[in-house]
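Asks: What follows is a protein structure lacking sequence information:
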Ligand code: SER
């Protein structure tokens, strides 16, 4: 058989196999009970119609980029309603109703490295209904419970006998939710399927440090014994199996967490609910993994054809590619561009990871174009901007792919120099991963070809260490939901403090911060000083900062009252209006305990100045009368 004929046959076989899968999924129905099998568009519509028929106003999804600057992404349906939920705005005035329903685009970074299992996604959709405040038609716990049961059991056909619910068992000043327990019983859920859980599982929010929040009740569904771990205590939130899955979270918003961390009673009560759309869809389509529902079915079969590999043999790779292409499409359509900071950094990671994994199944550059187009087609009716931004989406990914290909090429150059070794250490392979974007699998494959051993344990250790560091950095800024900042931001914040102190040491203590700005590429610092700095002074400042980087000063964070912080000598930026409690960052030599810098700052920082690697001033210029401006970079 000629090569071409062989290839055609192979393609037809893959095509046939995927067709069989597809027919199976559409005809076989569900193995999880007597459910109504339906496609994604139908589930969205049923949900929105159900609540519209019951007096709710359908509100379109808001952008993935929230207006609240303290959170990176929209992570829940309630975010666009935050001001209404806390009573600061009137939803009857702005939406014509206090009862709202939506299907919201959400993005959670969680641990991007974990995508590839059955249930995790970066982008997902959330179905939700809200009752804001209570007018004469308003509803609270009872209404929310009644609607939820009616939708799940009567509309979708879920078996009531398979439902479990969890309720808040109380914590400190916040009492046990006995009202919810009584209501679930009233509506036919027996006590043995009502679980009382702790604050971690059954108290929701706020999204950022402050905001509306409250106890919640989750509805879980038992998919059947055959999926269980067999333990006698198996049930909702089981650590050992996914037999029982969570499908709906009903939040009874009664509190507002204030800046002091106290829970104040809200003037109004609200209902805020959320269903993980993909998860419910999987259940209704009888699939354990959302990647096997109609949302991804065409995508996965086409990927089998193009890559000439089977999904079943490469689940993780297929899922990563599918998840990341879908979420990148949505992020770009909402205005994110790849960069080294914040939202842009998340997008860069997604695209590069998608490309890295595509190489494992021999996909060529630009392979993704047809898959992006498939996704656009899938979502264009519900989120029209994916269509209007089509060119932008494709051009953005193309540019990032070209940049990344160049990096990978330099990585290949490095590998060439390593092929004579007998073993690659964990650090070497981690460096290939971190600096040149080589996934471990790719390095392993190359090493295997050349008969080289790889210290995989060493690699995993280096990776864990790196993840711990970046998590710590991210949590500092975004503490709570929706975290994941670029490490570059933390490094540049720390570099700004070092620069500020160095300038005061070299030029004098009249130097005061007049402004500061950080982007993916550099930091910018404006300070009070009348004369142009001489080349010698610039060098002296640079050298001093580099010396402190080399010495590896510890960076310590303390939370304290603003007055106390100022009295302790911490530098502040006079133009800023500080809250009562502030973070003070101190950099000091752990041996001599000598403090080099102490400043009040809300930004994220690294844990040790050595993470900055190096520091360089690239420009010194006038900013305005009596104010000079420095632009500087790190790690060059
Ligand atoms: N805000 C709640 C959640 O995200 C309910 O929508 O789970």
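Replies: Okay, I see it. Remember, predicted model here, so these are calculated numbers, not experimental data.
Asks: contacts and neighbour counts: CA atoms only from here.
Replies: Noted.
Asks: which regions of the stretch 151-300 of the chain sit below the pLDDT cut-off?
Replies: Filtered on pLDDT under 70, the stretch 151-300 of the chain yields no residues whatsoever.
Asks: So out of everything in it, what residue is nearest the ligand?
Replies: residue 274 (3.2 Å; C-alpha to the nearest ligand atom).
Asks: Wait, that residue touches residue 246, no?
Replies: No - in this structure, residue 274 is not within contact of residue 246 by C-alpha atoms under 8 Å, at 10.8 Å.
Asks: I'd say residue 48 and residue 102 touch.
Replies: Yes - applying C-alpha under 8 Å, one finds residue 48 in contact with residue 102, separated by 6.8 Å.
Asks: For the two, list the residues in contact with both.
Replies: Common neighbours of residue 48 and residue 102, using C-alpha atoms under 8 Å, 6 or more residues apart in numbering, are residue 58.
Asks: can you list the weak-confidence ranges in this structure?
Replies: Across the chain, the ranges flagged by pLDDT under 70 are 1-37, 111, 135, 439, 467-486, 574-577, 636.
Asks: Pull up the gap between the spatially most central residue of it and residue 54, please.
Replies: The chain has residue 109 as the residue nearest its centroid, 1.6 Å off, counting by C-alpha atoms, centre = their mean. In this view, residue 109 and residue 54 are 34 Å apart by C-alpha to C-alpha, to the nearest Å.
Asks: can you check residue 591 too?
Replies: 68 Å.
Asks: thought residue 141 was touching residue 182?
Replies: No - look at residue 141 against residue 182 with C-alpha under 8 Å: they stay out of range, at 10.6 Å.
Asks: Which one of these two is surrounded by more residues?
Replies: Using other C-alpha atoms under 10 Å as the criterion, residue 141 and residue 182 rank with residue 141 on top: 21 against 13.
Asks: ok, residue 623 - contacts?
Replies: Taking C-alpha under 8 Å, 6+ apart, we find residue 623 in contact with 526, 629.
Asks: Recalculate using a threshold of 6 Å.
Replies: residue 629 (C-alpha atoms under 6 Å, 6 or more residues apart in numbering).
Asks: So which residues on the stretch 151-300 of the chain come close to the ligand?
Replies: Neighbours of the ligand within the stretch 151-300 of the chain, by C-alpha under 6 Å from any ligand atom: 249, 250, 251, 272, 273, 274.
Asks: nearest to residue 405, of these?
Replies: Nearest to residue 405 among these: residue 274, at 40.0 Å, using C-alpha to C-alpha.
Asks: Could you tell me whether the closest one really is in a strand?
Replies: Yes - Residue 274 sits within a strand when classified using DSSP: H, G, I helix; E, B strand; the rest coil.
Asks: List the single closest residue to it in space, sequence neighbours excluded.
Replies: residue 128 (4.5 Å; C-alpha to C-alpha, 6 or more residues apart in numbering).
Asks: where does that neighbour fall, phi/psi-wise?
Replies: Backbone torsions of residue 128, given as degrees, to the nearest 10, read phi -150, psi 150.
Asks: who's in contact with the helix or strand residue 49 falls within?
Replies: Using DSSP states H and E, residue 49 sits in helix 40-53. Around helix 40-53, nothing counts as a contact under C-alpha under 6 Å, 6+ apart.
Asks: so how far is that helix off the chain centroid?
Replies: 27 Å (C-alpha atoms, centre = their mean, to the nearest Å).
Asks: What residues of that helix count as buried?
Replies: 40, 43, 44, 47, 48, 49, 50, 51, 52 (16 or more other C-alpha atoms under 10 Å).
Asks: Can you tell me what sits against the next helix or strand after it?
Replies: Next helix or strand after helix 40-53 toward the C-terminus (DSSP H and E): strand 57-58. Taking C-alpha under 6 Å, 6+ apart as the criterion, the residues outside strand 57-58 that touch it are 100, 101, 102.
Asks: Distance of residue 634 relative to the ligand?
Replies: 38 Å (C-alpha to the nearest ligand atom, to the nearest Å).
Asks: That residue - nearest residue in space that isn't next to it in sequence?
Replies: residue 615 (4.4 Å).
Asks: try residue 450
Replies: Spatial nearest neighbour of residue 450, chain neighbours left out: residue 419 (7.0 Å); criterion: C-alpha to C-alpha, 6+ apart.
Asks: what about the one you found, distance to the ligand?
Replies: For residue 419, the distance to the ligand - C-alpha to the nearest ligand atom - is 49 Å.
Asks: how many neighbours does that residue have?
Replies: 15.
Asks: For it, give me phi and psi.
Replies: Per-residue torsions, residue 419: phi -70, psi -20 (degrees, to the nearest 10).
Asks: Nearest to the ligand: which residue in the stretch 1-150 of the chain?
Replies: For the stretch 1-150 of the chain, C-alpha to the nearest ligand atom, closest residue to the ligand: residue 76, 4.5 Å.
Asks: List the contacts of the residue nearest to that residue when sequence neighbours are not counted.
Replies: If you skip the residues right next to it in sequence, residue 76 has residue 106 as its closest partner in space, 6.0 Å away by C-alpha to C-alpha, 6+ apart. Counting by C-alpha under 6 Å, 6+ apart, residue 106 makes contact with 74, 75, 123, 124, 125.
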